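Undergrad: Sequence below, structure please.
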Amino acid sequence: MRHRAPYWTISYISCCSDILRALQDGGLTGAAGRAVDELVSDAQECFGSDLISVTLYGSAAENRLRRSSDVNIVFVFSILDSVALERFAPKLAFARASAPIVVMFLKETEIRAAIELFAQKFSDIHRRHKVLYGRDCFGDAKPSRQATILRLRQVLLNLTLRLRESFAERVSQPDRLAGAVADFVSPLRACAATLRELKGQPILAPKEALEQFVGDIEGHNVSWLPHVSEARERRPLTNAAAIATVKSLLSTAERMRGDGNYLPIAELLFHLDLARQALAAGRTRRLAS
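TA: Numbering: from 1, shown residues only. Now for the predicted structure:
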């Protein structure tokens, strides 16, 4: 007599197959893909029905993982208690032994506040995410324009200050500057994509958005950009290339800050123009009547 697999086993296998397909579509294969797949399954076991969704975001979600890339995951819960989190902790530690997994634990009731207060990060999640389990909590979760402008300016100033510090600390040891390039270029790319969106320009992936920004301000002088990819892939840079690339990143961040600081003025001019149009339309209607 043949035994049929229990229904929950069939459901579990089907769910895991869906997760693996989503991971493979995002370029996350091998040990890293298996680690994330097992982590999602462990989360379902530890948190049960309190787990609403698991979402992969960033470069892994757009099939652009590099050797220096983190695997970013956000877990969303209806309820999150410390006992379940404690059960999950060793599972997370085990997964991190196989992949550079960075996680965020978020309650559903915290999503709107998080989106507004961390608008730059959640703008990026909104643009680049893939649901591994549950429902899509971020497809429509777009921060307000005002919050996005404010957070963009904060992030760019923070990047500028940290780049200056890193350059001063490491310039006497240029071999260490390649690490700074790999660390800072990802948030700078995300800022470039957000800035384009705020300006009403066609949306581009973060890498292409930075390349377009640099091309627009420097013309054909983009010779340092390939060094960024080399650093992200953990390939060695010459001392001269490392120094020049960090200088260019710093200059680019400062130029972006200039554009970001202009945005509130542009916003005001935009609304003034709308008001003028409304007044003109009102006069036209009165004259017609």
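Undergrad: Can you show me the helices along this structure?
TA: For the chain, the helices defined by DSSP state H occupy 7-25, 30-47, 82-96, 111-117, 119-127, 145-170, 177-198, 206-218, 225-232, 239-288.
Undergrad: which of the residues in the third one are buried?
TA: Read that as helix 82-96. Neighbour-count burial for helix 82-96 flags 84, 88, 91-92, 95 (criterion: 16 or more other C-beta atoms under 10 Å). C-betas here are computed from N, CA, C, even on glycine.
Undergrad: and which of the residues you listed is nearest Ala209?
TA: Distance to Ala209 across the buried residues of helix 82-96 (C-beta to C-beta) is lowest for Ala95, with 30.7 Å.
Undergrad: Quick check: the closest one vs Glu230, distance?
TA: Relative to Glu230, Ala95 is positioned 28 Å away (C-beta to C-beta, to the nearest Å).
Undergrad: contacting residues for Leu106?
TA: By C-beta atoms under 8 Å, 6 or more residues apart in numbering, the contact list for Leu106 reads 74-77, 114.
Undergrad: make it 7 Å
TA: Applying C-beta atoms under 7 Å, 6 or more residues apart in numbering, we find Leu106 in contact with 74-76, 114.
Undergrad: partners of it in the sheet?
TA: Beta-bridge partners for Leu106, by DSSP bridges, are Val76.
Undergrad: Could I get the pLDDT score of it?
TA: As predicted, Leu106 sits at a pLDDT of 96.
Undergrad: ditto for the one 3 residues further on
TA: In the prediction, the pLDDT value recorded for Thr109 is 95.
Undergrad: And Ile52, by the same measure?
TA: In this prediction, Ile52 carries a pLDDT score of 97.
Undergrad: Would you quantify the distance from the residue lying closest to it once chain neighbours are set aside to Met104?
TA: With sequence-adjacent residues excluded and distances taken as C-beta to C-beta, 6 or more residues apart in numbering, Ile52 is closest to Val76, at 4.5 Å. As judged by C-beta to C-beta, Val76 and Met104 stand 9 Å apart.
Undergrad: So which of these two has more stuff around it?
TA: The neighbour comparison of Val76 against Met104 (other C-beta atoms under 10 Å) goes to Val76, with 23 against 15.
Undergrad: distance of that one from Val228?
TA: 32 Å.
Undergrad: Tell me how far the closest residue to Ala99 other than its chain neighbours lies from Pro143.
TA: In space, not counting the residues next to it along the chain, Ala99 is nearest to Ala32; the distance is 3.8 Å by C-beta to C-beta, 6+ apart. According to C-beta to C-beta, Ala32 stands 29 Å off from Pro143.
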